[in-house]
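Trainee: Got a predicted model here, sequence first, then my questions.
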Amino acid sequence: MFWSRKAQSLQVPTELSERCQHEAEALYRSGSHHCAEAVVEAIRKNFAPDVPEAVVETVSGFGGGSGTGCICGAVSGGTVALGLVLRDKKAATHLTKELHIWFKEKYGVTCCKTIRTTHKGACPKLTGEVAGKIAEMLNSKSS
């Protein structure tokens, strides 16, 4: 696998998941990153630290449901983060499907516009939750 064993071996899986969750939420709340950027940065930092930080800029168009209110930027960023770390199309596709199912069970939809209407103010928290869920999935994949 592509991700850094060093980054994983420093923490037990739940601690790493919680760390990614807190980091992504904090980045979002700081205003320095939107949802997709915060998820990608938290996962990149903890699972693929050798990947340049500049990769985060590649998801800048995904915030606010790709600017149109469509799919949640945190979910879009999460999909990118999975591909970035796994570098395995089949595994990334499988975990992306899992991510979407989990997110829909939790929030009812993946539509940004609907989420912002029905779950007002939830974006910082759900951004962190998505990053935490991805870290959890990546940890279970490596086991």
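Mentor: Sure thing, it's come through.
Trainee: Look up how far Thr14 lies from His119.
Mentor: 25 Å (Cβ to Cβ, to the nearest Å). Heads up, the C-betas are built off the backbone N, CA and C, glycines and all.
Trainee: The two: which has the busier surroundings?
Mentor: His119 (15 against 12; other Cβ atoms under 10 Å).
Trainee: just checking, that one touches Cys111?
Mentor: No: under the criterion of Cβ atoms under 8 Å, His119 is not in contact with Cys111, lying 11.1 Å apart.
Trainee: which residues in this structure form helices?
Mentor: Under the criterion DSSP state H, the chain contains helices at 5-9, 13-30, 35-47, 63-64, 73-86, 89-107, 112-118, 123-142.
Trainee: who does the longest one touch, helix- and strand-wise?
Mentor: Right, helix 123-142. Where contact means 3 or more Cβ pairs under 8 Å, 6 or more residues apart in numbering; DSSP states H and E, helix 123-142 is packed against helix 13-30, helix 35-47, helix 73-86, helix 89-107, helix 112-118.
Trainee: Can you point out the buried residues in the fourth one?
Mentor: Residues Ala91, Ala92, Leu95, Thr96, Leu99, His100, Trp102, Phe103, Tyr107 are the ones in helix 89-107 that count as buried (16 or more other Cβ atoms under 10 Å).
Trainee: what's near enough to touch the second one?
Mentor: Going back to what we said before, that points to Ala92. The contact partners of Ala92, taken as Cβ atoms under 8 Å, 6 or more residues apart in numbering, are Thr79, Leu82, Gly83, Leu86.
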